[in-house]
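Asker: Predicted model and sequence below, questions to follow.
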Amino acid sequence: MNIIPSSNLEGCIVIKPNVYNDNRGYFFESFNQKTFTALTGHSVSFVQDNESFSKKGTLRGLHFQTGEYAQAKLVRVVRGEVLDYAVDLRRSSPTYKKYQPVLLSESNRHQFFIPRGFAHGFVVLSDEAVFQYKCDNYYNKQSEAGINFADPTLNIDWKIDVNELIVSDKDKELPFFNESDFYF
Ligand SMILES: Cc1cn([C@H]2C[C@H](O)[C@@H](COP(=O)(O)OP(=O)(O)O[C@H]3O[C@H](C)C(=O)[C@H](O)[C@H]3O)O2)c(=O)[nH]c1=O
C-alpha cells in the first residue's frame, strides 16, 4: 500500500494497494489495519462496510453524520469510475470549506481516506459504478445531514453536465451551506 500524493485537504489521504498479478488474474489486500495505520498515522477502527451501485450520471451527496455519529470513511470503486469529493467542514481546519475531487476507478484501484468532519459525495462517470466504503461509525438516521450539491458557497465543479445528473429527491432537497452552522 502506498500514499498517492494528491490530496490538498488536511487529513485526507489517497492510497493505492500493492496488486499482485499472475496468469490467473490479480490479488490485493483491499484493507489491512496494521499497514493502514503505519502508513497514514490514522488509527481508525472501521465498524461498517457499505456498497452502492449507481448508473452513469448519478450524484450521491453531499452527506455526513453529525456529532458523536460523525464518520471517517475509506472509499473505493470496484467497478467503473467515479469522481469522489470530500468537503472540509471543520471550522478550525486550514482547508475549511475547501473541496477535493479524486478519481477512483476499477483500474486505478485508488482509495480515498476521508476523516470525520467532512461532507462526502461522488458522481459516476462510467456507465455503471459499484462503490464500496468502510465507516468508522455506525449509520445513525437521526444524525444524517447534508449540503446541497449545487451550493453556491462551496461552488463545487462536478465536472459533468448538471442536466445529465441523477439525484435522489432527498439530495435535491438538502439545504445550502450555512456559515453560522457549526458543522464540526
Ligand atoms: C448510508 C446508509 C443508508 N442506509 C439506508 C437508508 C436508505 O433507506 C437507503 C439508501 O440510503 P441513501 O439514499 O442515504 O444512500 P446514499 O445516497 O448512497 O448515501 C450515502 O452516500 C454518500 C456518498 C455517503 O458518503 C454516505 O455514506 C451515505 O449518505 O439505505 C442504511 O441502511 N445504512 C447506511 O449506512
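Answerer: Cool, got the structure.

Asker: State the pLDDT value of the residue most central in space within the chain.
Answerer: In the chain, the residue lying closest to the centroid (C-alpha atoms, centre = their mean) is His120, at 4.8 Å. Per-residue confidence (pLDDT) for His120: 98.

Asker: likewise the one 4 residues further on?
Answerer: As predicted, Val124 sits at a pLDDT of 98.

Asker: How many residues are close by it?
Answerer: Using other C-beta atoms under 10 Å, Val124 has 25 neighbouring residues. Where you see a C-beta, it was placed from the backbone N, CA and C, and this is true even at glycine.

Asker: Contacts only, for it.
Answerer: Going by C-beta atoms under 8 Å, 6 or more residues apart in numbering, Val124 touches 54-59, 80-82.

Asker: and the residue nearest to the centre of the chain, which of the three is it?
Answerer: Under DSSP: H, G, I helix; E, B strand; the rest coil, His120 falls in the strand class.

Asker: my guess is Ser105 meets Glu81, correct?
Answerer: Yes - taking contacts as C-beta atoms under 8 Å, Ser105 lies within contact range of Glu81: 3.9 Å.

Asker: Now the common contact residues for the two.
Answerer: Ser126.

Asker: so what does the top helix by length along the chain touch, helix or strand wise?
Answerer: Counting by DSSP state H, the longest helix found in the chain is helix 33-40. Counting by 3 or more C-beta pairs under 8 Å, 6 or more residues apart in numbering; DSSP states H and E, the packing neighbours recorded for helix 33-40 are strand 2-4, strand 13-16.

Asker: what's next to it, contact-wise?
Answerer: Contact partners of helix 33-40, identified using C-beta under 8 Å, 6+ apart, comprise 1-3, 13, 15, 29, 42-45, 74, 113.

Asker: Show the overlap between those and what lies near the ligand.
Answerer: Counting by C-beta under 6 Å from any ligand atom, nothing from the contacts of helix 33-40 sits close to the ligand.

Asker: Rebuild the residues you listed as JSON lines, extending it with neighbour count and pLDDT.
Answerer: Converted to JSON lines, the contacts of helix 33-40 look like this (neighbours: other C-beta atoms under 10 Å; pLDDT from 0 to 100):
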{"residue": "Met1", "neighbour count": "17", "pLDDT": "88"}
{"residue": "Asn2", "neighbour count": "10", "pLDDT": "89"}
{"residue": "Ile3", "neighbour count": "13", "pLDDT": "87"}
{"residue": "Ile13", "neighbour count": "21", "pLDDT": "95"}
{"residue": "Ile15", "neighbour count": "21", "pLDDT": "95"}
{"residue": "Glu29", "neighbour count": "12", "pLDDT": "97"}
{"residue": "His42", "neighbour count": "14", "pLDDT": "89"}
{"residue": "Ser43", "neighbour count": "9", "pLDDT": "90"}
{"residue": "Val44", "neighbour count": "18", "pLDDT": "90"}
{"residue": "Ser45", "neighbour count": "10", "pLDDT": "95"}
{"residue": "Leu74", "neighbour count": "23", "pLDDT": "98"}
{"residue": "Phe113", "neighbour count": "22", "pLDDT": "97"}
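
Asker: Noted, bye for now.
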